[in-house]
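J.: quick one, fold the following:
(one chain, ligands or ions: 1)
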Amino acid sequence: MEHPLKAEVIVVGTGPGGATVARELARAGRKVLLLERGRPERHRLLYGTHLGALRYTERGGLFFTPEGIQVVVPSMVGGATGMFAGCAAPPPPWLHEKYGIDLHLEVAETVEELGIAPLPPEQRGAASTRLAEAARALGYAVYPQPKFIRPDRTPRFHCGAHCLLGCRCGAKWSAAEFVEEAVQAGALLVTRAHVERVLIEDGRAVGVAGRLAGRPFMARAEHIVLAAGGLGTPRILQASSLRGAGERMAMDLTVIVYGLTREQGNALDPPMTWSWEDHELGVMFSTLVDPWLLYPVIAGMRGLRPLAAWPRWKHLLGVMIKLKDSLSGHVRPDGTLSKPLLPEDRERLQEAERAARRILREAGAKPDWIFSSPLRGTHPSATVRIGDLVDVDLQTEIPGLYVCDASVFPEALGRPTVLTIIALGKRLARQMLKRI
Ligand SMILES: Cc1cc2nc3c(=O)[nH]c(=O)nc-3n(C[C@H](O)[C@H](O)[C@H](O)COP(=O)(O)OP(=O)(O)OC[C@H]3O[C@@H](n4cnc5c(N)ncnc54)[C@H](O)[C@@H]3O)c2cc1C
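T.: So this is what the prediction gives:
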């Protein structure tokens, strides 16, 4: 093995958690080493295409749990924000009320810096707006979804279902931008660096080891921040003998309920421009259709009739349901995972699907052609929970070892995660700067 890389702080993973901590620490003059398993994809030719997505999502996007849940795990500089829908939501009130974590200053700072706001009315999409009006007519408090998307950042704003493959027009923020800013401030970014375990000496974290472009490597620092995401971080902790990591998890389980209409549907609208919630059910609804080539995959799993609508993809109306799921299942060291749906969650989901069907009919969908997609998980989280494996300051029991990503959520967020993760990253960096 060659000489180990050295830094004051090692950050593992470049999603919103890792990118934020790295940027804040580098800007404050600390020597930061950022280690990322994936590659920089944002400026590549295939970024934001179906072919590109096959490359930078785990198992080409076709990663299923034994229970049949499709889990989407992007791996690239910027983490899952390289493929996210660009929705922003403040942390849920319970994070402060139940766990004492107050992020309002960090959230306000981020909203201001990134210009987080709903898209202008004329860019929310005609069909999405029809769906929102239908939901409102049925009594829901519909709101335009705040976004990490700013059409004024690009002269060629072009947003639709394909945005979920990666933003090609440049309107959507990605954590890769924070990574670039961290590097400008002096951080060293090493890609294709797969961290396998934390090095612990005399009970203290002193570095990490893994494989760099397939060859063994080691890096040393006094402070290590794991930010490898809800599935990556527990695996590193398991390999580092931290017991309990990856036992039970949340996923904010998602289903899209589809209808067909004679008019244009919401496939060409920006994803998730309108949202509404049912707090009693623990469900968030939004407007969304799957990208063109993903649709036949999920429709085919539901039978020939949904699949036969593929040529009419532009006429689909999609209502997405996001369920605040109970903790269940596990992540194993070899990357396999299980996520059983508990009976109580199944009932809430069925109730939400009935509500989505009513909304689709109200919006003009053919009553005899409505179907629900298979379950999907895009927010793997709560695998290294605050209160269990990290304290409210995101420190593990091992001195010098911190976690800052979706894995620290104490329960399912039930809403978009990224703004909360950025805020946690800013808060952790401030606390670390008092010590280093
Ligand atoms: C299709 C899709 C749409 C979404 N839409 C939204 C949305 O609209 N709004 C929202 O708020 N959230 C959305 N999310 C969820 C959100 O993107 C994630 O919850 C969030 O990015 C998680 O951040 P993180 O910092 O925990 O980790 P991630 O973003 O998962 O980043 C972790 C990084 O660590 C790297 N890594 C993993 N293991 C290792 C290792 N062993 N060594 C080195 N590096 C490693 C990975 O390659 C990855 O780059 C969406 C997710 C998906 C998949």
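J.: which ones are touching the residue of the stretch 51-200 of the chain found nearest the ligand?
T.: Residue nearest to the ligand within the stretch 51-200 of the chain (CB to the nearest ligand atom): Gly79, separated by 2.4 Å. Any C-beta I mention is one placed from the backbone N, CA and C, and that applies to glycine too. By CB atoms under 8 Å, 6 or more residues apart in numbering, the contact set of Gly79 is 13-19, 38, 175, 229.
J.: ok, and the closest non-adjacent residue to it?
T.: Gly15 (2.4 Å; CB to CB, 6 or more residues apart in numbering).
J.: isn't the one you found up against Leu424?
T.: No: the pair formed by Gly15 and Leu424 falls short of the contact definition of CB atoms under 8 Å, at 11.7 Å.
J.: what about the longest helix along the chain, average pLDDT?
T.: Identified as the longest helix of the chain according to DSSP state H is helix 343-362. Throughout helix 343-362, pLDDT has a mean value of 98.
J.: just the buried residues of it, please?
T.: For helix 343-362, the buried set under the neighbour-count rule, 16 or more other CB atoms under 10 Å, comprises 345, 348-349, 352-353, 355-357, 359-360, 362.
J.: just stretch 419-436 next, same as before
T.: In stretch 419-436, counting by 16+ other CB under 10 Å, buried: 419-429, 432.
J.: got the CA coordinates for that stretch in CSV?
T.: Only the C-alpha atoms of stretch 419-436 are listed here, as CSV (Å, rounded to 0.1, in the frame of the first residue of the first chain):
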residue,chain,number,x,y,z
LEU,A,419,-32.8,20.8,2.9
THR,A,420,-32.7,19.1,6.3
ILE,A,421,-29.4,17.3,5.4
ILE,A,422,-27.8,20.5,4.3
ALA,A,423,-28.8,22.2,7.5
LEU,A,424,-27.5,19.3,9.6
GLY,A,425,-24.2,19.6,7.6
LYS,A,426,-23.9,23.3,8.4
ARG,A,427,-24.7,22.8,12.0
LEU,A,428,-22.1,20.0,12.4
ALA,A,429,-19.4,22.0,10.6
ARG,A,430,-20.0,24.9,13.0
GLN,A,431,-19.7,22.6,16.0
MET,A,432,-16.6,21.0,14.7
LEU,A,433,-14.9,24.3,14.0
LYS,A,434,-15.1,25.1,17.7
ARG,A,435,-13.0,22.0,18.4
ILE,A,436,-10.5,21.9,15.5
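J.: picking up where we left off before, CSV for the buried residues of stretch 419-436, including secondary structure and distance to the ligand?
T.: Output for the buried residues of stretch 419-436, formatted as CSV (DSSP: H, G, I helix; E, B strand; the rest coil; distance: CB to the nearest ligand atom, whole Å):
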residue, secondary structure, distance to the ligand
Leu419, helix, 6
Thr420, helix, 8
Ile421, helix, 5
Ile422, helix, 9
Ala423, helix, 12
Leu424, helix, 9
Gly425, helix, 8
Lys426, helix, 13
Arg427, helix, 14
Leu428, helix, 12
Ala429, helix, 14
Met432, helix, 16
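J.: just flag the most distant two among the residues you listed.
T.: Between any two of those, the greatest separation by CB to CB is 20.6 Å, found for Leu419 and Met432.
J.: endpoints of stretch 98-116, how far apart?
T.: End-to-end distance of stretch 98-116 (CA to CA, to the nearest Å): 26 Å.
J.: can you offset everything so residue one is 820?
T.: That works, and once the first residue is 820, the last one we named lands at stretch 917-935.
J.: ok, it near the ligand or not?
T.: No: using CB under 6 Å from any ligand atom, stretch 917-935 never reaches the ligand; the gap is at least 10.6 Å.
J.: tell me how far that stretch lies from the chain's centre.
T.: 17 Å (CA atoms, centre = their mean, to the nearest Å).
J.: likewise for stretch 985-995?
T.: Centroid displacement of stretch 985-995 relative to its chain, using CA atoms, centre = their mean, is 14 Å.
J.: just stretch 991-1001 next, same as before
T.: With CA atoms, centre = their mean, you get 15 Å for stretch 991-1001.
J.: ok, residues contacting it?
T.: Residues from elsewhere that reach stretch 991-1001, judged by CB under 8 Å, 6+ apart: 833-835, 837-839, 841-842, 845-846, 851, 853, 855, 859, 861, 895-898, 900-901, 903, 905, 933, 966-969, 978, 982, 986, 1008, 1237.
J.: which ones among those map onto helices?
T.: 835, 837-839, 841-842, 845-846, 933, 1237.
J.: for the residues you listed, give me a markdown table that also has pLDDT and neighbour count.
T.: As requested, the ones in helices among the contacts of stretch 991-1001 are arranged in a markdown table below (pLDDT from 0 to 100; neighbours: other CB atoms under 10 Å):
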| residue | pLDDT | neighbour count |
| --- | --- | --- |
| Pro835 | 98 | 33 |
| Gly837 | 98 | 31 |
| Ala838 | 99 | 33 |
| Thr839 | 99 | 31 |
| Ala841 | 98 | 33 |
| Arg842 | 98 | 28 |
| Ala845 | 98 | 24 |
| Arg846 | 98 | 16 |
| Leu933 | 98 | 18 |
| Val1237 | 98 | 28 |
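J.: for the nearest residue to Pro1110 once chain neighbours are set aside, give me its contacts.
T.: Excluding the flanking residues, the one nearest Pro1110 by CB to CB, 6+ apart is Ala980, at 4.8 Å. Ala980 makes contact with 1086-1087, 1090, 1107-1111 under the criterion CB under 8 Å, 6+ apart.
J.: select from those the one having the most neighbours.
T.: Within the contacts of Ala980, most neighbours by other CB atoms under 10 Å means Pro1090, with 30 neighbours.
J.: tell me who's in contact with it.
T.: Counting by CB under 8 Å, 6+ apart, Pro1090 touches 904-905, 978-980, 982-983, 1106-1108.
J.: phi, psi for Leu1142 please.
T.: phi -100, psi 130 (degrees, to the nearest 10).
J.: neighbours of it, how many?
T.: 23.
J.: look up how far the ligand lies from it.
T.: Distance of Leu1142 to the ligand, computed by CB to the nearest ligand atom, to the nearest Å: 15 Å.
J.: before we move on, what's the pLDDT of the nearest residue to that residue once chain neighbours are set aside?
T.: Of all residues not flanking Leu1142 in the chain, Leu1072 sits nearest, at 4.7 Å (CB to CB, 6+ apart). Looking at Leu1072, its pLDDT is 97.
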